[in-house]
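K.L.:
dropping a prediction and its sequence here:
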Amino acid sequence: MNFSIQEQDAKTSARFGVLATDRGDISTPVFMPIGTYGAVKTLSPQELVTAGASIILGNTYHLYLRPGMDLIHQSGGLHSFMAWEKPILTDSGGFQVFSLAKLRKLSDEGVVFKSTLDGSEHLMTPEISMEIQRLLGSDIIMAFDECPPGDATRSEVEAAVVRTTKWAQQCADYLEENPPLYGKASTFFPIVQGGIHHDLRSRSAEQLVPLADVGIAMGGLAVGEEKSAMFDILGTIDELLPEDKARYLMGVGKPEDMVRAVAAGVDMFDCVIPTRNARNGQFFTWNGKLNILNGRYKDDFSPVDETCSCYACQEFTRAYLRHLFKLNEILALRMASLHNVTFYLSLMDRIRTEITAGTFASWSKEFLAGLEENSD
């Protein structure tokens, strides 16, 4: 695998790059739809390809619980199991250290989780996380890290940095001794922690960059801290992370946040927002968010977004989609999810086009101003 920068914006830190993998090239900036259990909710692999997806995300912890590693390994890995031929990045389970804080016990060895299914206890260590991701056949294997919440004290964040570095080295050592399965190469992304503390971020990056071959992630952001604090940290990304590595901002986000993060030098994103908000009737458009359950759309026979190429916008009206949502019809969830994922991927394509044309700075300013003005 390798990462190469094709174009660099002259007025910002935005970059257009290519992440080359054995399962296909990934143009960056890129958004990765989330398929926690091996499926992006309501959407088929073919629909994702049509929408423009070049990589999706799966979750180590949840796939370990269901359906389990024996079954996935028997099927030939996650790609074969879910009929997805393009790359997959897997979250190591480190985010569950944050999200399942009430259901886990944390130590230097690893984390003991109580299953969200039946309450049974399961130990996750750096080595176990790496082995699960090997069995999944992940193309991008994420380090097992400690992700502290946004309101953690400085001493708690500092302890997380120490533990994250220790675990990242254990992860790298394990992968060095245990090569990938299924005949495809993989790469390892360490995860920089440090909360909103510049010195801790700098320390974490300095310790982890030597473990990064192709890319490196920024974790522990968008976990409850003020958004201004997140962008304050992102403003130093060129100083923290090497230019020749792909930079992955985990768990972000909203369209406006991704555009701003691209300007700061971020290359990769993932978030549940497009599909989660879709299931609540919220559509993302070039003119801002549209909440389909609003009464104004009852007799609106225009498409959600006339510029969108997705099936929902090409075939259905706002009035019809609102009707489906009022009935809790499954087709409503599918069409909204398809539209939002298509929009997010189209947004990344537009960003790459603007970077290549040298117009990203002016375009992004207009785009952000339009979102503020036009959303429901």
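P.N.:
Alright, I've got the coordinates. Residues are numbered from 1 along each chain as shown.
K.L.:
pull the number of nearby residues for the closest residue to Gln8 other than its chain neighbours.
P.N.:
Spatially, and ignoring its direct neighbours in sequence, Gln8 is nearest to Arg15 (5.3 Å; Cβ to Cβ, 6 or more residues apart in numbering). (C-beta placed from N, C-alpha, C; glycine too.) Applying other Cβ atoms under 10 Å, we find 22 residues neighbouring Arg15.
K.L.:
so who does Arg15 touch?
P.N.:
Neighbouring residues of Arg15 by Cβ atoms under 8 Å, 6 or more residues apart in numbering: Ile5, Glu7, Gln8, Asp9, Thr28, Pro29, Gly265, Asp267, Ile355.
K.L.:
the helix or strand hosting the last one: how far from the chain's middle?
P.N.:
The reference is to Ile355. Taking DSSP states H and E as the criterion, Ile355 maps to helix 330-357. Between the centre of helix 330-357 and the centre of its chain there are 14 Å (Cα atoms, centre = their mean, to the nearest Å).
K.L.:
could you point out which element follows that helix?
P.N.:
Next element after helix 330-357 (DSSP H and E): helix 360-374.
K.L.:
which residue is nearest the centroid of the protein?
P.N.:
The C-alpha lying nearest the average C-alpha coordinate of the chain belongs to Asp270 (Cα atoms, centre = their mean; 1.6 Å).
K.L.:
from Asp91, how far out is that residue?
P.N.:
Applying Cβ to Cβ, to the nearest Å, the value for Asp270 to Asp91 is 8 Å.
K.L.:
now do the shared contacts for the two.
P.N.:
Residues touching both Asp270 and Asp91 by Cβ under 8 Å, 6+ apart: Leu57, Met250.
K.L.:
skip the chain neighbours and tell me the closest residue to Met250.
P.N.:
For Met250, ignoring the flanking residues on the chain, the nearest one in space by Cβ to Cβ, 6+ apart is Gly219 at 5.0 Å.
K.L.:
so that neighbour sits against Glu146, correct?
P.N.:
No: using Cβ atoms under 8 Å, Gly219 makes no contact with Glu146, being 9.1 Å away.
K.L.:
more crowded one of the two?
P.N.:
Ranked by neighbour count (other Cβ under 10 Å), Gly219 and Glu146 place Gly219 first, with 30 against 23.
K.L.:
how about the contacts made by that one?
P.N.:
Gly94, Phe95, Asp145, Cys147, Ile191, Val192, Gln193, Met250.
K.L.:
so which of the residues you listed sit within strands?
P.N.:
If you go by DSSP state E, the contacts of Gly219 have Ile191, Val192 in strands.
K.L.:
if you rank the contacts of Gly219 by neighbours, which is first?
P.N.:
Result: Val192 is most packed of the contacts of Gly219 (other Cβ under 10 Å), 34 neighbours.
K.L.:
what's opposite that residue in the beta bridge?
P.N.:
Per DSSP bridges, residues listed as beta-bridge partners of Val192: Met218.
K.L.:
pretty sure it is touching Ala212, no?
P.N.:
No: using Cβ under 8 Å, Val192 is not in contact with Ala212, being 9.4 Å away.
K.L.:
what are the structural domain limits within this protein?
P.N.:
2-271, 278-374 (automatic domain parsing).
K.L.:
quick one: the spatially closest residue to Gly370 that is not a sequence neighbour from Ala332, how far?
P.N.:
Here the nearest residue to Gly370 in space, its sequence neighbours aside, is Asn287; by Cβ to Cβ, 6+ apart that works out to 6.3 Å. Using Cβ to Cβ, we find Asn287 at a distance of 21 Å from Ala332.
K.L.:
more neighbours, these two?
P.N.:
Ala332 (24 against 14).
K.L.:
so that one is in contact with Leu321, correct?
P.N.:
Yes: Ala332 sits in contact with Leu321 when judged by Cβ under 8 Å, with a separation of 6.2 Å.
K.L.:
quick check: the gap between the closest residue to Thr60 other than its chain neighbours and Ser204.
P.N.:
Nearest in space to Thr60, with sequence neighbours left out and distances taken as Cβ to Cβ, 6+ apart, is Gly93 at 4.6 Å. Distance of Gly93 to Ser204, given as Cβ to Cβ: 19 Å.
K.L.:
likewise for Arg163?
P.N.:
In terms of Cβ to Cβ, Arg163 sits 11 Å off from Ser204.
K.L.:
which of these two has more neighbours?
P.N.:
The neighbour count for Arg163 versus Ser204, taken as other Cβ under 10 Å, is higher for Ser204 (30 against 21).
K.L.:
contact partners for that one?
P.N.:
Ser204 touches Val161, Thr164, Thr165, Val192, Gln193, Gly194, counting by Cβ under 8 Å, 6+ apart.
K.L.:
just to revisit the earlier point, the residue nearest to Gly370 contacts Ala369, correct?
P.N.:
No: if you go by Cβ under 8 Å, Asn287 and Ala369 don't touch, sitting 11.4 Å apart.
K.L.:
flag the shaky bits of the stretch 101-250 of the chain, pLDDT-wise.
P.N.:
By pLDDT under 70, the stretch 101-250 of the chain contains no weakly predicted segment.
K.L.:
for it, just list every one of the helices.
P.N.:
126-136, 154-177, 198-208, 227-234, 237-240 (DSSP state H, counting those that start in this stretch).
K.L.:
and the ones you listed: which comes nearest Val259?
P.N.:
Closest to Val259 of these is helix 227-234 (Cβ to Cβ; 11.6 Å).
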